[in-house]
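S.K.: Predicted model and sequence follow; I will ask about them next.
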Amino acid sequence: MADGFRALVLDEAEKGVSASIQELTDDQLPEGDVTVSVSHSTLNYKDGMILKGIGRLVRNYPHVPGVDFAGTVEASESSEYKTGDKVVLTGWRVGEVHWGGYAQKARVKSDWLVPLPDSMTEQRAMAIGTAGFTAMLAVMELEAHGVTPDSGPVLVTGGNGGVGGVAIGILSGLGYEVHTSTGRPQLADHLKAIGASEIVAREELDVVPERPLASERWAGAIDAVGGNTLASILPQLKYRGAIAACGLAGGADLNSTVIPFLLRGVKLLGIDSVMCPFELRKTAWNRLATELSTESLDAITEIVSLEDLLDLAGKILKGETQGRVVVDLNA
């Protein structure tokens, strides 16, 4: 690749941020011991916030956003990677504090990278992205705390989102009975096609529980919504059930009691995908390469270009995107 490369660059503006596609050079890249030729990135909820200048997640401009990327090592000062190696990156506040994946090149610390599994393409890695990686970590936590296919149904909230769609695919492939909630009933057939057996209306869960305990309904749950939804699920978990909490699209407050924990022994498991240790990352990516159906993944994936991102950023913040959005840096 020539020295020059295309990137989506954010600059401070009077009302938030401005964005433009620019031609950059290698000497503008930040510090790091590995330079990657990026082929694909993806769009997450946090990316939408950064692209719209919400929440002051980015403090220094100009800035290249994109919290995930996959590609090929172009240059390396690290003994862990050599030129030509395929790698994937999620987390470590890349795209937020450090320049990210919305460019044809990235320079990062080698500690942040994970080898791309041999059976996985860069495009599919980004169809998974932070959302799918988080979903796999959540499944692994449920397994570690005794939730098996024989335990009973598992609920996945926000089934039409990135975390939810991949979680449904993983769980159904492992033999779990999967229930999922959505605020878009028109997607019921799609959600059943990727592995859900029962659809729960979002409104049913978006309420503060009236009682500290309700009828036992689910053996486990993966919750990407938070707020009232998380509070509503806790009293409905089976004895010694567990819920993996990995999102707050519905709010950060938890209006609940300790009764489900004390009388049913349920467990609330926090999922952090940003600072996740290397060995756990590697295990999760290797499992994603073998346990997530490519057909299921392709069914929830849309391929876009850098130019498409600004329009899509607003849509993902409004919950108007479906499944996974992959950015082809060479499109």
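M.R.: Cool, the structure landed. Computed from a prediction, not measured in an experiment: that's the story for all the values here.

S.K.: Only C-alpha atoms from now on, for both contacts and neighbour counts.
M.R.: Fine.

S.K.: looking at this, S39 is in a helix?
M.R.: No: looking at S39 with DSSP: H, G, I helix; E, B strand; the rest coil, it is strand, so not inside a helix.

S.K.: for it, what are its contacts?
M.R.: Neighbour list for S39: F69, A70, G71, T72, Q104, E122, Q123, D328, L329, N330 [criterion: CA atoms under 8 Å, 6 or more residues apart in numbering].

S.K.: Show me the protein divided up by domain.
M.R.: Annotated domains of the chain cover 5-116+300-328, 130-270 [automatic domain parsing].

S.K.: do you know which of those domains lies nearest T290?
M.R.: Closest of the domains of the chain to T290 is domain 130-270, at 10.0 Å (criterion: CA to CA).

S.K.: and the end-to-end length of the closest one?
M.R.: By CA to CA, to the nearest Å, the extent of domain 130-270 from end to end equals 15 Å.

S.K.: What mean pLDDT does it get?
M.R.: Average pLDDT, domain 130-270: 95.

S.K.: ok, back up a step: go through the contacts of S39 and name the one nearest A131.
M.R.: Of the contacts of S39, the one sitting nearest to A131 (CA to CA) turns out to be F69, at 12.5 Å.

S.K.: How much space separates the closest residue to the closest one other than its chain neighbours from A138?
M.R.: Sequence neighbours aside, S41 is the residue nearest to F69 in space, at 4.3 Å (criterion: CA to CA, 6 or more residues apart in numbering). S41 is 22 Å from A138, where distance means CA to CA.

S.K.: same question, G270
M.R.: Applying CA to CA, the value for G270 to A138 is 9 Å.

S.K.: between these two, which one's more packed in?
M.R.: A138 (26 against 13; other CA atoms under 10 Å).

S.K.: SS state for the more buried one?
M.R.: Three-state call for A138 (three-state DSSP): helix.

S.K.: Next up, the contacts around it.
M.R.: Residues in contact with A138 (CA under 8 Å, 6+ apart) are I222, A244, A245, C246, I271.

S.K.: I'd like to know how far the fourth one sits from S78.
M.R.: Applying CA to CA, one obtains 32 Å for the distance of C246 from S78.

S.K.: Between the two, point out the one with more neighbours.
M.R.: Higher neighbour count among C246 and S78: C246, with 22 against 13, using other CA under 10 Å.

S.K.: Pretty sure L268 is one of the things the more buried one touches, is it not?
M.R.: No: proximity of C246 to L268 does not meet the contact threshold set by CA atoms under 8 Å, at 10.6 Å.

S.K.: Helices along the stretch 51-200 of the chain, start to end?
M.R.: 122-144, 162-173, 188-193 (DSSP state H, counting those that start in this stretch).

S.K.: Could you do the stretch 201-331 of the chain as well?
M.R.: Going by DSSP H, counting those that start in this stretch, the stretch 201-331 of the chain shows helices at 202-205, 227-233, 259-263, 278-291, 294-299, 309-317.

S.K.: And the ones you listed: which comes nearest K46?
M.R.: helix 309-317 (8.8 Å).

S.K.: Which strands and helices lie in contact with that closest one?
M.R.: The contact analysis (3 or more CA pairs under 8 Å, 6 or more residues apart in numbering; DSSP states H and E) places helix 309-317 against helix 45-51.

S.K.: one step back: export the helices of the stretch 51-200 of the chain to TSV and tack on distance to E12?
M.R.: Output for the helices of the stretch 51-200 of the chain, formatted as TSV (distance: least, CA to CA, whole Å):
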stretch	distance to E12
helix 122-144	26
helix 162-173	29
helix 188-193	40
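
S.K.: Buried deepest among those, which one?
M.R.: helix 162-173 (a mean of 27; mean count of other CA atoms under 10 Å).

S.K.: Distance from the chain centre to that helix, please.
M.R.: Here the centre of helix 162-173 is set off from its chain's centre by 11 Å, with CA atoms, centre = their mean, to the nearest Å.

S.K.: Surely M126 is in contact with V38?
M.R.: No: taking CA under 8 Å as the contact criterion, M126 and V38 are not neighbours in contact, 11.1 Å apart.

S.K.: This completes my enquiry, with thanks.
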